[in-house]
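**Q** show me the folded form of this:
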Amino acid sequence: MSAPLIFIAKTLTELYILCFLLRFVLQVTRADFHNPLSQFIVRITNPVLIPLRRIVPGFRGLDMSSVVVIALLEIMVTAMLFSLKTGVSPTAIAILYYAVLRTVVTILRMYVFSILIYALMSFVNPGTYNPLTSVLASICEPLLRPVRRIIPPIGGLDLSPLFVIIGLQALIMAVPLPGVLH
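**A** Okay, the predicted model is just below:
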């Protein structure tokens, strides 16, 4: 019975971490915050970020309180998973190390899924406005643009998402994260 509960707790906390991560990425990419998806992420993250902003200052226009929340939640989840799945209490250094690795993997996976959805939406409904497409363009275009300069569209088909996803998947595979923390 503990495996399903661990799965539920892990999934819900990772989704919440993803919301803070998306908020930070949307801010870095200067996405439209009047977009319904952006507004959803702002409303979900504001109850934690607004009080924390009084303590954690911004840095060069970036909301560092999002980074603090991501780090704290990731440390909490990593410690919980490590203890529950192995039965061993890890050292603080191990928790910090694996929390950083889990954050890197989460960022890479977020980009893989964002690019995949962005590419599929360009096939299904090209040239039309959609709030999701606007946000995904803000997230994905900084990664796709340099690849498009190297690999131009072939016969009208843009292969840059494929190559970026392959590269991101290779990076995910290169991260030395133990199976108990996936």
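**Q** so, low pLDDT: which residues of the protein?
**A** The chain contains residues with pLDDT under 70 at 1, 180-182.
**Q** so who does Ala9 touch?
**A** Ala9 makes contacts with Met80, as judged by Cβ atoms under 8 Å, 6 or more residues apart in numbering. Using the backbone N, CA and C atoms, a C-beta is placed for each residue, glycine as well.
**Q** distance of it from Gln27?
**A** Ala9 sits 28 Å away from Gln27, taking Cβ to Cβ, to the nearest Å as the criterion.
**Q** buried set for stretch 26-46?
**A** Across stretch 26-46, burial judged by 16 or more other Cβ atoms under 10 Å covers 26-27, 31, 35, 37-38, 41, 44-45.
**Q** what's the end-to-end length of it?
**A** Stretch 26-46 has an end-to-end distance of 14 Å (Cα to Cα, to the nearest Å).
**Q** quick one: contacts of it?
**A** 16, 19-20, 22-23, 62-63, 66, 69, 131-132, 134-135, 138-139, 142.
**Q** ok, and what's touching stretch 106-115?
**A** Contacts of stretch 106-115 (Cβ under 8 Å, 6+ apart): 14, 17-18, 21-22, 25, 74, 136, 139-140, 143-144, 161, 164-165, 168-169, 171-172, 175.
**Q** mind checking which of the buried residues of stretch 26-46 land in helices?
**A** Judged by DSSP state H, helices contain the following of the buried residues of stretch 26-46: 26-27, 37-38, 41, 44-45.
**Q** farthest pair within these?
**A** Gln27 and Ile44 (14.6 Å; Cβ to Cβ).
**Q** which helix or strand contains Tyr16?
**A** Using DSSP states H and E, Tyr16 falls within helix 2-28.
**Q** just the contacts of stretch 106-115: which are in helices?
**A** Per DSSP H, the contacts of stretch 106-115 map to helices at 14, 17-18, 21-22, 25, 74, 136, 139-140, 143-144, 161, 164-165, 168-169, 171-172.
**Q** ok, back up a step: narrow the contacts of stretch 26-46 to just the buried residues.
**A** If you count burial by 16+ other Cβ under 10 Å, the buried members of the contacts of stretch 26-46 come out as 16, 19-20, 22-23, 63, 66, 69, 134-135, 138-139.
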